[in-house]
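>>> Please work out how this folds:
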Amino acid sequence: MFSLRCCFPAASISPATAAAPKILPVSRNFLRLERKRSDLCSNRSILVEARREKDKAEAVEVEVVTNSDGSEVFVEDIAMEDEDLSSGSEFIAGEGPEYDKDPEFAEILGACFDEPEKAQARVEERIRKKRSKILHAKTGSSTPMKVTFNKLDFSNSYIWFEFYNAPLGPDISLICDAIRSWHIIGRLGGCNSMNMQLSQLPLDHKRPTYDAIQGANVTPTTFYNIGDLEIQDNLARIWVDIGTTEPLLIDVLINALVQISSDYVGIKQVMFGGSKFENWTEKYKSDDAGCSVHKI
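Next up is the predicted model:
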C-alpha cells in the first residue's frame, strides 16, 4: 500500500476540515513532487469514481501541510493498492482496450486467471444462450447433388447447374466466390495429381516428409481460362478452359459444390460438358427477367 497525494488550495476546504492536525515540516523536493502529481489528479479521478461505483472506494484523509515560507497547503491522501495503480493507467482517456461494448465478456476475461473453471462455465453458458446467433441452421438440401458428364472437353466446355429454386443474391455471391477460388487454386497449379506426396502416405505416418526435388520436377498443371457465371431462373452455366486433363480439379469443385448444396443453397444437379441443358435458351439476355451475368 502507498499513498498518492494531490494538492488543493486552502480556500477549497471547509473550516471544519481545516482544524485537522498539522504535519511539519515538508521538504522542498516533496512539494515539487506534489505539484507534478497534481497534474495527474484529473485523470486519476476517473479511477476513483469507477472504484466508488463498485463500492470499493478507499479512505480519504485531508491534512494541512505548512510550506517553508509559512503558507499552508491541504493534501488529500487516496490509498490505493499497488496493483490497482499499475492497472489504473488503462483508465486514462485514449488508452487501453474498449470493453464497454460487451461488459459481460470483459467480466469473464477478468476472472479467467483467478478462476479459470468458473470463467469456462460462464463462456459455455454464454454460448448456450446465444446459440441461435452463433450457429445457423442449414438452408440447403438434404438430397445429394447429382453429378453427370456429357462429353467433357477440358479445353472447351460448359459446367451446368440446376438449383431447386432460383438462387438469391447471397447464394449467387457464394457460388461465384467458390468458383473464383477454385480457378485461382487451379491457375497456380495447386491441383496437381502428379504430386500428391502427403496424401499417398500411410494414415498412421506420424512424421511426414516432402521430397522437394520430386515436387519441382513433376509436370505442371494450370487453369487456362474461365468465363462469367450466367443465370436463367433456376439454371446456370459457366464456360471453362482447364487446359490440361486434370481430374483432381473436377474433384475439388465437386466437393465444394456438395457442401454448398447441403448447407446453403440446394443444387439439384451439376453436369460437366455438353452444349444443351434442360430448358436453357440462348436467345435470353442478361437484362431479361430472371437472367443475369456475374463476373468471376
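>>> packing partners for the biggest helix by length in the chain?
Determined from DSSP state H, the single longest helix within the chain is helix 169-187. When contacts are defined as 3 or more Cβ pairs under 8 Å, 6 or more residues apart in numbering; DSSP states H and E, helix 169-187 sits against strand 229-232, helix 247-263, strand 291-294. C-betas here are computed from N, CA, C, even on glycine.
>>> let's see 7 Å
strand 229-232, helix 247-263 (3 or more Cβ pairs under 7 Å, 6 or more residues apart in numbering; DSSP states H and E).
>>> Tell me which of the ones you listed sits most buried.
When you average the neighbours per residue for each of these (mean count of other Cβ atoms under 10 Å), strand 229-232 leads with a mean of 20.
>>> hang on, the earlier thing: between the helices and strands packed on helix 169-187, which one is closest to Ser199.
helix 247-263 (10.2 Å; Cβ to Cβ).
>>> ok and the very next helix or strand once past the closest one relative to helix 247-263, angle-wise?
Where DSSP states H and E defines the elements, the next helix or strand beyond helix 247-263 is strand 267-272. With axes from the mean of the first three to the mean of the last three Cα atoms, to 10 degrees applied, the angle from strand 267-272 to helix 247-263 works out at 170 degrees.
>>> And for strand 267-272, what's in contact with it?
Residues outside strand 267-272 that contact it (Cβ atoms under 7 Å, 6 or more residues apart in numbering): 145-150, 152, 157, 159-164, 250, 257, 260-261, 277.
>>> Equivalent analysis for stretch 225-237, please.
With Cβ under 7 Å, 6+ apart, stretch 225-237 has contacts from 158-163, 165-167, 172, 175-176, 179, 183, 238-241, 277-278, 280-281, 284, 290-296.
>>> Buried ones only from those residues, please, as a ChimeraX command.
Remark: buried members of the contacts of stretch 225-237, expressed as a ChimeraX selection using 16 or more other Cβ atoms under 10 Å:
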select :158,159,160,161,162,163,167,172,175,176,179,183,238,240,277,280,292,294,296
